[in-house]
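**Q** fold the following.
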Amino acid sequence: MSGPVPRVDPARVHALVVGIEAYEAGDQWGLPGPARDAVRFWRLLRDAGVPEPHLRLHLAPLPSYDPGVPYERADQATLRRVLVRELSPAHGDVLWVWWGGHGVLDRAGRLRLFCADAGVADKVGIDLDSALARYAGDAVPGLREQMWIVDACETFEEDLAFREALPADTLPVGRPGHAHRQTVLRAAGRGRAAANDPVRATGLFSDVLLDLLADRTAVLPGLPDPEELFPAVRARIAALREEGRTLQHPEIRLQGADRTETMPPAGPPPAPRPLSALQRAVDALLAYRLMADPEERQTVVAALNPAVTAVLRRHSRARTDVVSLLGELSRRHPEALWELFDVVVSADDDPELKSELAAALNELAASAARPRS
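**A** Model (predicted):
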(Lines give C-alpha, C1' and ligand atoms only; values in the text may rest on other atoms or scores of the structure.)
Protein backbone atom coordinates (compact mmCIF):
# COMPACT_ATOMS: atom_id res chain seq x y z
CA MET A 1 0.00 0.00 0.00
CA SER A 2 3.03 2.28 0.03
CA GLY A 3 3.72 4.88 -2.63
CA PRO A 4 1.54 7.75 -3.85
CA VAL A 5 -1.50 7.25 -6.01
CA PRO A 6 -0.71 8.17 -9.65
CA ARG A 7 -1.82 11.57 -10.90
CA VAL A 8 -5.60 11.53 -11.15
CA ASP A 9 -8.17 13.41 -13.15
CA PRO A 10 -9.68 16.06 -10.82
CA ALA A 11 -13.09 15.28 -12.32
CA ARG A 12 -12.75 11.77 -10.82
CA VAL A 13 -12.26 13.11 -7.29
CA HIS A 14 -15.00 13.56 -4.67
CA ALA A 15 -14.87 14.98 -1.15
CA LEU A 16 -17.04 15.29 1.92
CA VAL A 17 -15.78 18.22 4.00
CA VAL A 18 -17.35 18.76 7.43
CA GLY A 19 -16.59 21.44 10.01
CA ILE A 20 -18.85 21.80 13.06
CA GLU A 21 -18.32 24.63 15.54
CA ALA A 22 -21.87 25.24 16.85
CA TYR A 23 -24.06 22.54 18.38
CA GLU A 24 -27.65 22.37 19.52
CA ALA A 25 -26.31 21.48 22.99
CA GLY A 26 -25.51 25.17 23.46
CA ASP A 27 -22.65 27.59 23.90
CA GLN A 28 -20.69 25.25 26.17
CA TRP A 29 -20.12 23.02 23.14
CA GLY A 30 -18.91 25.91 20.96
CA LEU A 31 -15.62 25.09 19.23
CA PRO A 32 -13.92 27.84 17.18
CA GLY A 33 -11.88 26.31 14.39
CA PRO A 34 -13.43 23.31 12.61
CA ALA A 35 -15.46 25.33 10.09
CA ARG A 36 -12.46 27.50 9.28
CA ASP A 37 -10.21 24.45 8.86
CA ALA A 38 -12.81 22.77 6.64
CA VAL A 39 -12.96 25.81 4.35
CA ARG A 40 -9.15 25.87 4.08
CA PHE A 41 -9.20 22.21 3.04
CA TRP A 42 -12.10 22.80 0.60
CA ARG A 43 -10.07 25.56 -1.06
CA LEU A 44 -7.02 23.29 -1.40
CA LEU A 45 -9.04 20.76 -3.37
CA ARG A 46 -10.90 23.42 -5.37
CA ASP A 47 -7.60 25.05 -6.34
CA ALA A 48 -6.32 21.61 -7.36
CA GLY A 49 -9.08 21.47 -9.95
CA VAL A 50 -11.80 19.39 -8.29
CA PRO A 51 -15.19 20.56 -9.62
CA GLU A 52 -17.16 22.37 -6.94
CA PRO A 53 -20.19 20.05 -7.28
CA HIS A 54 -17.86 17.22 -6.18
CA LEU A 55 -16.81 19.16 -3.07
CA ARG A 56 -19.61 18.64 -0.56
CA LEU A 57 -19.02 21.29 2.11
CA HIS A 58 -21.12 20.95 5.29
CA LEU A 59 -20.62 23.49 8.05
CA ALA A 60 -22.08 24.68 11.32
CA PRO A 61 -20.02 27.83 11.98
CA LEU A 62 -20.14 29.93 15.11
CA PRO A 63 -21.89 33.30 14.65
CA SER A 64 -18.49 35.03 14.75
CA TYR A 65 -17.33 33.33 11.54
CA ASP A 66 -18.58 33.94 8.01
CA PRO A 67 -17.18 31.20 5.72
CA GLY A 68 -17.63 33.38 2.65
CA VAL A 69 -18.46 30.36 0.46
CA PRO A 70 -21.68 28.39 -0.11
CA TYR A 71 -22.17 25.43 2.20
CA GLU A 72 -24.80 22.92 3.30
CA ARG A 73 -26.11 21.97 6.74
CA ALA A 74 -24.18 19.65 9.07
CA ASP A 75 -27.05 18.01 10.95
CA GLN A 76 -27.20 14.24 11.25
CA ALA A 77 -30.02 13.66 8.76
CA THR A 78 -28.21 15.66 6.07
CA LEU A 79 -24.81 14.03 6.61
CA ARG A 80 -26.32 10.56 6.82
CA ARG A 81 -28.17 11.15 3.55
CA VAL A 82 -24.97 12.30 1.86
CA LEU A 83 -22.98 9.31 3.10
CA VAL A 84 -25.63 6.70 2.32
CA ARG A 85 -27.52 8.01 -0.71
CA GLU A 86 -25.53 10.69 -2.49
CA LEU A 87 -21.82 9.97 -2.16
CA SER A 88 -21.90 6.15 -2.13
CA PRO A 89 -22.88 5.78 -5.83
CA ALA A 90 -20.59 8.60 -7.04
CA HIS A 91 -18.58 7.88 -10.18
CA GLY A 92 -14.95 8.51 -9.41
CA ASP A 93 -11.62 7.11 -8.29
CA VAL A 94 -10.61 9.14 -5.23
CA LEU A 95 -12.50 10.08 -2.07
CA TRP A 96 -11.39 12.62 0.52
CA VAL A 97 -13.29 12.88 3.81
CA TRP A 98 -12.41 15.72 6.18
CA TRP A 99 -14.23 15.98 9.54
CA GLY A 100 -13.59 18.46 12.31
CA GLY A 101 -15.66 18.80 15.48
CA HIS A 102 -16.49 17.04 18.72
CA GLY A 103 -16.19 13.26 19.09
CA VAL A 104 -16.15 10.54 21.73
CA LEU A 105 -15.24 6.86 21.99
CA ASP A 106 -18.41 5.00 22.97
CA ARG A 107 -18.51 2.08 25.38
CA ALA A 108 -17.94 -0.36 22.52
CA GLY A 109 -14.77 1.50 21.49
CA ARG A 110 -16.30 3.09 18.36
CA LEU A 111 -15.65 6.71 17.45
CA ARG A 112 -18.84 8.78 17.37
CA LEU A 113 -18.64 12.11 15.53
CA PHE A 114 -21.28 14.51 16.82
CA CYS A 115 -23.42 16.41 14.31
CA ALA A 116 -24.62 19.99 14.60
CA ASP A 117 -28.00 18.93 15.98
CA ALA A 118 -26.44 17.01 18.89
CA GLY A 119 -28.13 18.13 22.08
CA VAL A 120 -27.63 17.42 25.75
CA ALA A 121 -30.38 14.77 25.80
CA ASP A 122 -29.85 13.39 22.29
CA LYS A 123 -26.22 13.34 21.18
CA VAL A 124 -26.76 12.37 17.57
CA GLY A 125 -23.80 11.75 15.34
CA ILE A 126 -22.12 9.55 12.76
CA ASP A 127 -20.48 6.27 13.73
CA LEU A 128 -17.10 6.55 12.00
CA ASP A 129 -16.42 2.81 12.13
CA SER A 130 -19.65 1.98 10.33
CA ALA A 131 -18.97 4.68 7.74
CA LEU A 132 -15.54 3.20 7.05
CA ALA A 133 -17.05 -0.28 6.78
CA ARG A 134 -19.66 0.95 4.31
CA TYR A 135 -17.06 2.64 2.12
CA ALA A 136 -14.83 -0.44 2.15
CA GLY A 137 -17.53 -2.75 0.74
CA ASP A 138 -19.73 -3.25 -2.28
CA ALA A 139 -22.18 -0.55 -1.16
CA VAL A 140 -19.65 1.84 -2.75
CA PRO A 141 -18.78 0.56 -6.24
CA GLY A 142 -16.28 3.32 -7.05
CA LEU A 143 -14.03 5.64 -5.00
CA ARG A 144 -11.39 2.94 -4.63
CA GLU A 145 -8.71 5.23 -3.17
CA GLN A 146 -9.79 6.98 0.03
CA MET A 147 -8.29 9.25 2.67
CA TRP A 148 -10.29 10.02 5.81
CA ILE A 149 -9.00 12.82 8.08
CA VAL A 150 -10.68 13.22 11.46
CA ASP A 151 -9.82 15.98 13.93
CA ALA A 152 -11.98 15.10 16.93
CA CYS A 153 -11.52 14.03 20.54
CA GLU A 154 -11.47 10.33 21.40
CA THR A 155 -12.22 10.75 25.09
CA PHE A 156 -13.91 7.73 26.67
CA GLU A 157 -17.67 8.04 27.01
CA GLU A 158 -17.40 6.65 30.55
CA ASP A 159 -15.17 9.58 31.57
CA LEU A 160 -17.68 12.22 30.45
CA ALA A 161 -20.52 11.05 32.73
CA PHE A 162 -23.25 11.74 30.19
CA ARG A 163 -26.71 11.72 31.74
CA GLU A 164 -28.12 10.09 28.61
CA ALA A 165 -26.55 7.14 26.81
CA LEU A 166 -25.43 7.68 23.24
CA PRO A 167 -28.13 6.61 20.77
CA ALA A 168 -27.32 3.57 18.65
CA ASP A 169 -27.09 4.56 14.99
CA THR A 170 -24.90 2.90 12.37
CA LEU A 171 -24.86 3.24 8.62
CA PRO A 172 -25.99 0.34 6.42
CA VAL A 173 -23.03 -1.77 5.34
CA GLY A 174 -22.79 -3.99 2.27
CA ARG A 175 -20.62 -7.03 1.72
CA PRO A 176 -16.95 -6.49 2.55
CA GLY A 177 -14.49 -6.56 -0.32
CA HIS A 178 -10.88 -5.98 -1.25
CA ALA A 179 -11.22 -3.33 -3.95
CA HIS A 180 -10.90 -0.24 -1.75
CA ARG A 181 -7.84 1.20 -0.05
CA GLN A 182 -8.45 3.42 2.94
CA THR A 183 -6.04 5.68 4.78
CA VAL A 184 -7.52 6.99 8.03
CA LEU A 185 -5.76 9.74 10.00
CA ARG A 186 -7.18 10.39 13.46
CA ALA A 187 -5.97 13.37 15.45
CA ALA A 188 -6.20 12.37 19.07
CA GLY A 189 -5.43 8.73 19.82
CA ARG A 190 -7.50 6.42 22.01
CA GLY A 191 -8.75 8.11 25.18
CA ARG A 192 -7.22 11.50 24.38
CA ALA A 193 -8.51 14.97 23.56
CA ALA A 194 -7.73 16.73 20.28
CA ALA A 195 -6.33 20.15 21.12
CA ASN A 196 -7.80 23.34 19.66
CA ASP A 197 -6.24 26.80 19.48
CA PRO A 198 -9.15 29.15 20.31
CA VAL A 199 -7.07 32.28 19.65
CA ARG A 200 -6.12 31.29 16.10
CA ALA A 201 -9.41 29.37 15.72
CA THR A 202 -7.92 26.14 14.40
CA GLY A 203 -7.40 22.57 15.51
CA LEU A 204 -3.71 21.86 16.12
CA PHE A 205 -3.85 18.64 14.10
CA SER A 206 -5.83 20.30 11.30
CA ASP A 207 -3.41 23.22 11.12
CA VAL A 208 -0.41 20.89 10.90
CA LEU A 209 -2.03 18.74 8.24
CA LEU A 210 -3.24 21.68 6.16
CA ASP A 211 0.27 23.15 6.12
CA LEU A 212 1.74 19.82 5.04
CA LEU A 213 -0.88 19.34 2.31
CA ALA A 214 -0.22 22.86 1.06
CA ASP A 215 3.41 21.81 0.58
CA ARG A 216 2.24 18.84 -1.52
CA THR A 217 -0.01 20.56 -4.03
CA ALA A 218 1.84 18.83 -6.86
CA VAL A 219 0.19 15.59 -5.71
CA LEU A 220 -3.28 17.01 -5.13
CA PRO A 221 -6.08 16.27 -5.74
CA GLY A 222 -4.71 12.72 -5.63
CA LEU A 223 -3.74 11.25 -2.30
CA PRO A 224 -0.25 11.82 -0.88
CA ASP A 225 1.87 8.86 0.15
CA PRO A 226 0.59 8.20 3.71
CA GLU A 227 3.90 6.70 4.84
CA GLU A 228 5.67 9.92 3.83
CA LEU A 229 2.97 12.23 5.18
CA PHE A 230 2.33 10.65 8.57
CA PRO A 231 5.90 10.86 9.94
CA ALA A 232 5.83 14.58 9.17
CA VAL A 233 2.49 14.95 10.99
CA ARG A 234 3.78 12.92 13.91
CA ALA A 235 6.99 14.97 14.21
CA ARG A 236 5.14 18.28 14.29
CA ILE A 237 2.61 17.08 16.86
CA ALA A 238 5.51 15.73 18.98
CA ALA A 239 7.04 19.22 18.95
CA LEU A 240 3.72 20.67 20.13
CA ARG A 241 3.62 18.10 22.94
CA GLU A 242 7.10 19.16 24.03
CA GLU A 243 5.86 22.75 24.16
CA GLY A 244 3.03 21.60 26.45
CA ARG A 245 0.33 22.55 23.94
CA THR A 246 -1.25 19.11 23.59
CA LEU A 247 -1.18 15.53 24.85
CA GLN A 248 -2.57 13.94 21.71
CA HIS A 249 -0.93 11.15 19.67
CA PRO A 250 -2.23 11.00 16.09
CA GLU A 251 -2.91 7.60 14.59
CA ILE A 252 -2.95 6.38 11.01
CA ARG A 253 -4.62 3.21 9.78
CA LEU A 254 -3.86 1.71 6.38
CA GLN A 255 -6.34 -0.80 5.02
CA GLY A 256 -6.41 -2.53 1.66
CA ALA A 257 -6.31 -5.90 -0.05
CA ASP A 258 -2.58 -6.25 0.58
CA ARG A 259 -2.29 -4.71 4.02
CA THR A 260 -4.16 -3.75 7.17
CA GLU A 261 -2.04 -1.94 9.71
CA THR A 262 -2.25 0.76 12.35
CA MET A 263 0.95 2.77 12.53
CA PRO A 264 1.68 3.54 16.20
CA PRO A 265 2.82 6.95 17.39
CA ALA A 266 6.53 7.55 17.94
CA GLY A 267 8.01 7.15 21.39
CA PRO A 268 6.83 5.06 24.32
CA PRO A 269 3.12 4.18 24.37
CA PRO A 270 0.93 5.99 26.88
CA ALA A 271 0.34 4.26 30.18
CA PRO A 272 -2.58 1.85 29.89
CA ARG A 273 -5.86 3.08 31.30
CA PRO A 274 -7.24 0.86 34.05
CA LEU A 275 -10.14 -1.23 32.80
CA SER A 276 -13.56 -0.60 34.24
CA ALA A 277 -15.36 -3.59 35.74
CA LEU A 278 -17.59 -3.80 32.66
CA GLN A 279 -14.67 -3.60 30.24
CA ARG A 280 -12.82 -6.33 32.11
CA ALA A 281 -15.87 -8.61 32.08
CA VAL A 282 -16.48 -7.97 28.37
CA ASP A 283 -12.85 -8.81 27.55
CA ALA A 284 -12.98 -11.94 29.71
CA LEU A 285 -16.15 -13.19 28.02
CA LEU A 286 -14.93 -12.41 24.50
CA ALA A 287 -11.73 -14.35 25.23
CA TYR A 288 -13.90 -17.43 24.68
CA ARG A 289 -13.91 -18.11 20.95
CA LEU A 290 -17.50 -19.35 21.05
CA MET A 291 -18.70 -15.83 21.98
CA ALA A 292 -17.47 -14.46 18.64
CA ASP A 293 -19.75 -16.78 16.67
CA PRO A 294 -23.35 -15.43 16.43
CA GLU A 295 -24.95 -18.90 16.56
CA GLU A 296 -22.89 -20.12 19.50
CA ARG A 297 -23.47 -16.82 21.31
CA GLN A 298 -27.20 -17.21 20.79
CA THR A 299 -27.00 -20.75 22.20
CA VAL A 300 -25.36 -19.38 25.34
CA VAL A 301 -27.97 -16.65 25.79
CA ALA A 302 -30.82 -19.08 25.10
CA ALA A 303 -29.63 -21.27 27.99
CA LEU A 304 -30.27 -18.44 30.47
CA ASN A 305 -33.55 -17.83 32.29
CA PRO A 306 -36.12 -16.75 29.63
CA ALA A 307 -37.57 -14.18 32.03
CA VAL A 308 -34.19 -12.46 31.94
CA THR A 309 -33.33 -12.83 28.26
CA ALA A 310 -36.76 -11.86 26.94
CA VAL A 311 -36.04 -8.15 27.47
CA LEU A 312 -32.43 -8.12 26.30
CA ARG A 313 -31.46 -5.85 23.42
CA ARG A 314 -29.40 -7.87 20.97
CA HIS A 315 -26.81 -6.73 18.44
CA SER A 316 -25.15 -8.38 15.45
CA ARG A 317 -21.63 -7.30 16.45
CA ALA A 318 -20.09 -9.54 19.10
CA ARG A 319 -18.59 -6.86 21.34
CA THR A 320 -21.67 -4.64 21.26
CA ASP A 321 -23.87 -7.65 22.02
CA VAL A 322 -21.71 -8.71 24.97
CA VAL A 323 -21.58 -5.14 26.33
CA SER A 324 -25.38 -5.00 26.22
CA LEU A 325 -25.74 -8.47 27.75
CA LEU A 326 -23.39 -7.89 30.68
CA GLY A 327 -24.63 -4.36 31.30
CA GLU A 328 -28.24 -5.49 31.48
CA LEU A 329 -27.50 -8.51 33.68
CA SER A 330 -25.33 -6.55 36.11
CA ARG A 331 -27.94 -3.79 36.49
CA ARG A 332 -31.13 -5.84 36.66
CA HIS A 333 -30.32 -9.51 37.19
CA PRO A 334 -26.87 -9.87 38.85
CA GLU A 335 -27.66 -13.44 39.87
CA ALA A 336 -27.86 -14.33 36.17
CA LEU A 337 -24.18 -13.46 35.76
CA TRP A 338 -23.37 -16.79 37.39
CA GLU A 339 -25.85 -18.63 35.20
CA LEU A 340 -23.94 -17.15 32.28
CA PHE A 341 -20.64 -18.27 33.86
CA ASP A 342 -21.89 -21.86 34.24
CA VAL A 343 -23.11 -22.03 30.65
CA VAL A 344 -19.87 -20.67 29.18
CA VAL A 345 -17.46 -22.80 31.23
CA SER A 346 -19.53 -25.91 30.57
CA ALA A 347 -18.83 -25.35 26.87
CA ASP A 348 -15.15 -24.45 27.34
CA ASP A 349 -13.45 -25.29 30.62
CA ASP A 350 -10.07 -23.70 29.90
CA PRO A 351 -8.75 -23.07 33.45
CA GLU A 352 -7.09 -19.70 32.72
CA LEU A 353 -10.13 -18.32 30.91
CA LYS A 354 -12.40 -19.66 33.64
CA SER A 355 -10.36 -18.03 36.40
CA GLU A 356 -10.30 -14.62 34.71
CA LEU A 357 -14.02 -14.75 33.89
CA ALA A 358 -14.88 -15.59 37.50
CA ALA A 359 -12.75 -12.73 38.81
CA ALA A 360 -14.16 -10.30 36.25
CA LEU A 361 -17.78 -11.22 36.99
CA ASN A 362 -17.14 -10.92 40.72
CA GLU A 363 -15.77 -7.42 40.17
CA LEU A 364 -18.69 -6.50 37.90
CA ALA A 365 -21.26 -7.75 40.40
CA ALA A 366 -19.55 -5.85 43.24
CA SER A 367 -19.41 -2.70 41.12
CA ALA A 368 -23.12 -2.96 40.31
CA ALA A 369 -23.97 -3.42 43.98
CA ARG A 370 -22.11 -0.27 45.10
CA PRO A 371 -24.31 2.80 45.45
CA ARG A 372 -23.51 5.58 42.98
CA SER A 373 -22.39 8.90 44.40
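**Q** buried stuff in stretch 181-198?
**A** Residues of stretch 181-198 classed as buried: 181-189, 192-197 (neighbour count, 16 or more other CB atoms under 10 Å). Any C-beta I mention is one placed from the backbone N, CA and C, and that applies to glycine too.
**Q** show me the shaky parts of the stretch 1-150 of the chain.
**A** Counting by pLDDT under 70, the ranges of the stretch 1-150 of the chain that qualify are 1-6.
**Q** so residue 129 is in which element?
**A** helix 128-134 (DSSP states H and E).
**Q** how distant is that helix from the center of its chain?
**A** Put simply, helix 128-134 sits 8 Å off its chain's centre (CA atoms, centre = their mean, to the nearest Å).
**Q** now tell me what touches it from outside.
**A** Contact with helix 128-134 is made by 83-84, 88, 99, 103, 110-113, 140, 148, 150, 170-174, 176, 182, 184, as judged by CB atoms under 8 Å, 6 or more residues apart in numbering.
**Q** roughly how far out does stretch 7-21 sit from the chain middle?
**A** 20 Å.
**Q** can you measure across stretch 100-110, start residue to end residue?
**A** 17 Å (CA to CA, to the nearest Å).
**Q** in that stretch, which residues are buried?
**A** By 16+ other CB under 10 Å, the buried positions in stretch 100-110 come out as 100, 101, 102, 103, 104, 105, 106, 107, 108, 109, 110.
**Q** what's the helix or strand harbouring residue 330 packed up against?
**A** Residue 330 is part of helix 318-332, with elements assigned from DSSP H and E. Here helix 318-332 touches helix 277-286, helix 294-302, helix 336-347, helix 351-369, going by 3 or more CB pairs under 8 Å, 6 or more residues apart in numbering; DSSP states H and E.
**Q** which residues touch residue 183?
**A** With CB under 8 Å, 6+ apart, residue 183 has these contacts: 146, 147, 148, 223, 226, 252, 253, 254, 255.
**Q** residue 58: which of the residues you listed is nearest?
**A** Residue 58 has its nearest neighbour among the contacts of residue 183 in residue 148, at 14.9 Å by CB to CB.
**Q** a helix runs through that closest one, doesn't it?
**A** No: counting by DSSP: H, G, I helix; E, B strand; the rest coil, residue 148 is not part of a helix but strand.
**Q** burial count for it?
**A** 20 (other CB atoms under 10 Å).
**Q** for residue 31, same thing?
**A** Count around residue 31 with other CB under 10 Å applied: 22.
**Q** what segments of the stretch 1-150 of the chain are strands?
**A** 13-20, 55-60, 94-100, 103-105, 111-114, 125-127, 145-151 (DSSP state E, counting those that start in this stretch).
**Q** how about these, which one is nearest residue 309?
**A** Closest to residue 309 of the strands of the stretch 1-150 of the chain is strand 125-127 (CB to CB; 26.1 Å).
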